[in-house]
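Colleague: sequence first, then the predicted structure, then my questions.
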Amino acid sequence: QLAERLAAGFDLARATEEARNLLRDFPTLSPTARLVRDLIERIETDALLLRVEQLVQETGMTERSLERAFRHHAGVAPKWVLRRYRLIEAVERLKEQPSTMAALAADLGYHDQAHFTRDFKQLTGSTPAAFARGARAPKARASSSQAGLDVGDQEVSSW
């Protein structure tokens with residue numbers, strides 16, 4: 001279901017932005033809540049921020065303290081937030097351009113393609129390759145139909 005919504009244009013990043021705006025507008029955030037909010041913003045905008053250890057180094061907090069702060073103020077662990085933003089990036093890249101899954105996994109900070117595939121499938125219910133085929137196929141069908149070609153249910157990638 002989520003894979004279909006993502007392919008159809010469901011914007012998890014926009015939903016996250018709305019939640020962040022609520023936090024930003026809340027008048028009395030504690031220093032820890034502000035830190036968590038700021039770290040989430042950094043995670044969203046800094047593609048090189050891939051590991052909890054980087055957040056630990058940046059904040060000077062222990063990993064356990066950082067996790068407690070995230071769970072208290074965001075409701076999830078920092079690792080969850082990092083993983084979701086990596087996978088949002090993966091979805092966007094898979095919708096736009098073909099890439100080898102190994103290269104994409106490496107770009108997103110995964111040690112191997114299998115770990116990337118497992119995380120992606122857990123979030124979307126689909127493998128990255130299947131998602132990419134499904135996300136690009138409607139565009140190809142639309143442009144083929146506009147050119148007067150009837151591709152029906154055949155996947156363009158199988159030509």
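Modeller: Alright, I've got the coordinates.
Colleague: quick check: buried residues in stretch 55-72?
Modeller: Using 16 or more other CB atoms under 10 Å as the test for burial, stretch 55-72 gives 55-56, 59, 61, 66-67, 69-70. For glycine as for every other residue, the C-beta is placed from the backbone atoms N, C-alpha and C.
Colleague: contacting residues around it?
Modeller: For stretch 55-72, the surrounding residues in contact (CB atoms under 8 Å, 6 or more residues apart in numbering) are 32, 35-36, 39, 49, 52-53, 76-79, 81.
Colleague: which phi and psi does residue 119 have?
Modeller: phi -60, psi -40 (degrees, to the nearest 10).
Colleague: residue 84 is in contact with that one, correct?
Modeller: No: the criterion here is CB atoms under 8 Å, and residue 119 misses it with residue 84 at 9.6 Å.
Colleague: right, and residue 82 touches residue 52 too?
Modeller: Yes: in this structure residue 82 lies within contact range of residue 52 using CB under 8 Å: 6.7 Å.
Colleague: looking at those two, which has the bigger crowd around it?
Modeller: A count of neighbours by other CB atoms under 10 Å puts residue 82 above the other of residue 82 and residue 52, at 20 against 17.
Colleague: which residues touch that one?
Modeller: Contacts of residue 82 (CB under 8 Å, 6+ apart): 43, 49-52.
Colleague: ok, now with 6 Å
Modeller: Residues near residue 82 by CB atoms under 6 Å, 6 or more residues apart in numbering: residue 43.
Colleague: any idea which element it lies in?
Modeller: Per DSSP states H and E: residue 82 is located in helix 78-96.
Colleague: which is the succeeding secondary structure element to that helix?
Modeller: Next along from helix 78-96, by DSSP H and E: helix 101-107.
Colleague: mean pLDDT per helix and strand in the chain: which one sits at the bottom?
Modeller: Scoring the helices and strands of the chain by mean pLDDT, DSSP states H and E places helix 2-7 at the bottom, with a mean of 52.
Colleague: list the contacts of residue 36.
Modeller: Shown here is residue 36, whose contacts under the criterion CB under 6 Å, 6+ apart are 69-70, 73-74.
Colleague: nearest spatial neighbour of it, chain-adjacent residues omitted?
Modeller: Leaving out its chain neighbours, the residue that sits closest to residue 36 by CB to CB, 6 or more residues apart in numbering is residue 73, at 4.3 Å.
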